[in-house]
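> based on what follows, work out the 3D shape:
(chains A and B)
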Protein chains: 2
Amino acid sequence: MSYKKIDQQDIDFLVSLCGTRVLAGQDVPETYSRDELSMIRNYPEVVVEVLTTEEVAKIMKYAYDNTIPVTPRGQGTGLVGGSVALHGGIMISTVRMNKILELDDENLTITVQPGVLLMELAAYVEKHDFFYPPDPGEKSATIGGNISTNAGGMRAVKYGVTRDYVRGLEVVLPHGEVINLGGKNVKNSSGYSLKDLIVGSEGTLGFVTKAILRLLPLPKKALSLLIPFPDLGQAIETVPKIIKAKSIPTAVEFMEREVILAAEEFLGKKFPDTSADAYLLLTFDGNSTEELEKAYERIAHICLDSGAFDVLISNTPERQQSIWSARGAFLEAIKASTTEMDECDVVVPRNKIAEFVKFARSLQDKLGVRIQSFGHAGDGNLHIYVLRDKLAQATWETKLAESMQAMYAKATELGGQVSGEHGIGHAKQPYLACSLEAEHVGLFRSIKQTFDPKNILNPGKVC
Amino acid sequence: MSYKKIDQQDIDFLVSLCGTRVLAGQDVPETYSRDELSMIRNYPEVVVEVLTTEEVAKIMKYAYDNTIPVTPRGQGTGLVGGSVALHGGIMISTVRMNKILELDDENLTITVQPGVLLMELAAYVEKHDFFYPPDPGEKSATIGGNISTNAGGMRAVKYGVTRDYVRGLEVVLPHGEVINLGGKNVKNSSGYSLKDLIVGSEGTLGFVTKAILRLLPLPKKALSLLIPFPDLGQAIETVPKIIKAKSIPTAVEFMEREVILAAEEFLGKKFPDTSADAYLLLTFDGNSTEELEKAYERIAHICLDSGAFDVLISNTPERQQSIWSARGAFLEAIKASTTEMDECDVVVPRNKIAEFVKFARSLQDKLGVRIQSFGHAGDGNLHIYVLRDKLAQATWETKLAESMQAMYAKATELGGQVSGEHGIGHAKQPYLACSLEAEHVGLFRSIKQTFDPKNILNPGKVC
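Numbering: from 1, shown residues only, chains lettered A, B, ... in the order given. So this is what the prediction gives:
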């Protein structure tokens, strides 16, 4: 596909529509040329910070008529190059399209524009005694971005992922038409679920301009358990026993001392305990202290029986905050500890996590490259980072490719998937293609072709 | 599309594959010519009761190569003609493909063949102290059918619908290839969610041959409240107040005396109370009696403040059984009370239910046709039946069409959808087309074309 290059006439059109919210050429900030992690960089020719659905629709129609690529962009906190303008063209940024439109307490829904930040949404609904469960580590991501990648986060063990909370979407299609999918309804069996096709499609099938999200009543109580173990193997092998005990925690995270120390240094704050090699961090929520106590006592015993040194209870907001803020800083802390890195966000069945983590650690010695990990032990979604440190460019590229290939092959072998929550973007396309049947990838391509015959919306992503 | 008629060579091929499980011509039982309700009838030319994925794949490939239509069929309990072989051809029945393959207590999943009945699944997992929440009224439906329509049921208020419990699918595509979607993983952001496209596609995109379903720990306690109200309006207007109170019941059903009396007569069993015009039936579940008591006390007060006569508590399995078995018999009881009927399964936002039910009742007098309703007040999904009684054919057809058109138009006006859980099948196609943007229906057609270019898999359904 050959795309039209942006010229003055295109800029004039965009300025006539959006005025000073159009940034072209030298005015495009460096941050718009990359995302949070990926080594993939390219500048869009022009960025438009849109305010309304109508603007998005008009820009998409113009781009379609003129065969100009369009890259949707939230806060650019992705890790796989999903929001990088690989082919230049127009970047449509939602940073200013960030209004909370309605909280409907009779239908337990909130309607938002795509640029609302996850942390803004969480704080807003909590103020109204509601709860939006999806809880990815990156709180400054936009809801639009979360929908695009079907973001998961810590609480997926008990509450599921973003998809489970999207009731309705307003979507601008690649040729500029606007469609409404779902709504405030709790059930829907009215034709193919295009809503669920758009969720997780990483901005390649349509541009989400509004979302109706489902809320829950805010649980009144929560507590966290920090559980030190002699080593990571023992910690993770305990997870299937916890799940089997049928007392579902809100979150089950695993972490190693090395990562915790990096987070302490990064934040300049002490973690409650760093005496052990590995930890499980569990949260429980509910409506009464008794309910929580019943739930966690059983789990605490299971952990102690499985070799845990202790069970440290955090039942004040301050203590929980200190642990979870460290957890939230892991990615940044690991990033700060090295020169360059790439990540693997596989998901495997929960009873295969121990085997996968053991495998990933073995690569460290085998390939001679530093590998660190943390992640969502309760839902099988691991974040594994391959660190460059002082490796020379060529060596780094070889070792990185070998590590990634080995890990994705292992995940597929264990019945896992390439991405648990960060998406495929541009960086993980070859691994996706390897992990699925050819027929499956063929259907992805045909669906993309159906929605976007000119391949102008976020080209070079997913498939 | 012109389809090939079945000839002896086709029969020979099917017999060579499935032996005596092939029923052709006069041997096809009448039940295979229709579903549970719809007035749509047609015989398949041949029925094959398959046992394995391989058989399904081979038959699909043969049908594709020879352009023979294929109709997937479970127990035929649908209400919109979804499992009727409109164009003859081959019906693939899953009645014998009904094995529970694996209960995985480390991943909290169960793997089943599509012909397993919902009631068998429920009983099996309960025996193992697990819980499969989707709970449609029709317990003798197959899981394959439930997945096809994204069936909802009573417990959607708290637990969601079938889609929320499907983790993985094995699907035979129209040209006979087998693909695996999802798996046992809790999260997945690896390309477009074809799994969610197949769920609810009513057997038009692929043939589900295996499903991995998510289980929950079985709640230890449950109780039901039967709450009599002076009239239906008052009962239903209480529902948004219940939802707003943030204590989410497992189920919130509404029912009228007339329907309850029909059920009493149908079952030959007394309902605990028939003194009031209308009732709400609520269920709460949880792990302790105190937890349940706290939840329901608040709701009971809200109901009494809203005009309820009383709150009748059913906390023994026997009492709950007597109420819920009556509820389960409503459809059959209404059916037995008239000569012919058709249904409307709209879903509307929860705070619009009262307005919708009032509207539907007003049609009864306006159009001079008997209309009865019951349904899932807690999730906005209503089942409204238009009854023929002694109307002459022509009058019945006119009145039925007028009632349906009026109700679907009203649902769309209120932000609702054509089907909450029964699907579109053949009967509801015109209403679906009216309720959605043309662009939206166009995407349905293109997706169907992508999966099934020869339109051989369940043709004439959905779009």
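> which SSE is the residue in the stretch 1-150 of chain A that chain B sits nearest to in?
The shortest separation between the stretch 1-150 of chain A and chain B is 3.8 Å, found at A:Glu106 (distances taken as CB to the nearest CB). (Each C-beta comes from the backbone N, C-alpha and C, glycine too.) No secondary structure element spans A:Glu106, as it lies outside all helices and strands (assigned by DSSP states H and E).
> tell me how many other residues crowd it.
Each residue near A:Glu106 was counted by other CB atoms under 10 Å in any protein chain shown, and the total is 15.
> residues touching it, list them.
B:Pro240, B:Ile243, B:Lys244, B:Pro349, B:Arg350, B:Asn351 (CB atoms under 8 Å, 6 or more residues apart in numbering or on different chains).
> one more pass at 7 Å, please.
In this structure, A:Glu106 makes contact with B:Pro240, B:Ile243, B:Lys244, B:Arg350, B:Asn351, judged by CB atoms under 7 Å, 6 or more residues apart in numbering or on different chains.
> report pLDDT for the residue lying closest to it once chain neighbours are set aside.
The spatially closest residue to A:Glu106, leaving aside those adjacent along the chain, is B:Asn351, at 3.8 Å (CB to CB, 6 or more residues apart in numbering or on different chains). The pLDDT attached to B:Asn351 in the predicted structure is 92.
> confirm for me that B:Asn351 is in contact with B:Pro240.
Yes: counting by CB atoms under 7 Å, B:Asn351 sits close enough to B:Pro240 to count as a contact (4.5 Å).
> and the strand or helix carrying A:Lys294, what's buried?
Counting by DSSP H and E, the element that carries A:Lys294 is helix A:289-305. Of all the residues in helix A:289-305, those buried under the rule 16 or more other CB atoms under 10 Å in any protein chain shown are A:Glu291, A:Leu292, A:Glu293, A:Lys294, A:Ala295, A:Tyr296, A:Ile299, A:Ala300, A:Ile302, A:Cys303.
> how about stretch A:55-62?
Along stretch A:55-62, the positions that meet the burial threshold by neighbour count (16+ other CB under 10 Å) are A:Glu55, A:Val56, A:Ala57, A:Lys58, A:Ile59, A:Met60, A:Lys61, A:Tyr62.
> just these now: which is nearest A:Gln234?
Nearest to A:Gln234 among these is A:Val56, at 51.0 Å by CB to CB.
> can you tell me the element the closest one falls in?
With elements taken from DSSP H and E, the one containing A:Val56 is helix A:53-66.
> beyond that helix, next helix or strand please.
Past helix A:53-66, the next helix or strand by DSSP H and E is strand A:70-73.
> ok, residues contacting that next one?
Outside strand A:70-73, the residues within contact range by CB under 7 Å, 6+ apart are A:44, A:60, A:63, A:83, A:85, A:89-94, A:203, A:207, A:456-458.
> CA atoms only for that strand - export them in PDB, please.
Output in PDB follows, covering the C-alpha atoms of strand A:70-73 (Å, rounded to 0.1, in the frame of the first residue of the first chain):
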ATOM      1  CA  VAL A  70      -3.800   7.400  10.900                       C
ATOM      2  CA  THR A  71      -2.400   6.400  14.200                       C
ATOM      3  CA  PRO A  72      -4.600   6.600  17.300                       C
ATOM      4  CA  ARG A  73      -2.800   7.700  20.400                       C
END
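> please name the nearest non-neighbouring residue to A:Leu103.
The shortest distance from A:Leu103 to any residue other than its chain neighbours is 5.0 Å, reached at A:Ile110 (CB to CB, 6+ apart).
> count of residues packed around the one you found?
Per other CB under 10 Å, the neighbour tally for A:Ile110 reads 26.
> partners of the one helix or strand it maps to, with directions?
Here A:Ile110 is covered by strand A:109-112, with elements defined by DSSP H and E. According to DSSP bridges, strand A:109-112 forms sheet pairs with strand A:100-104 (antiparallel), strand A:207-214 (antiparallel).
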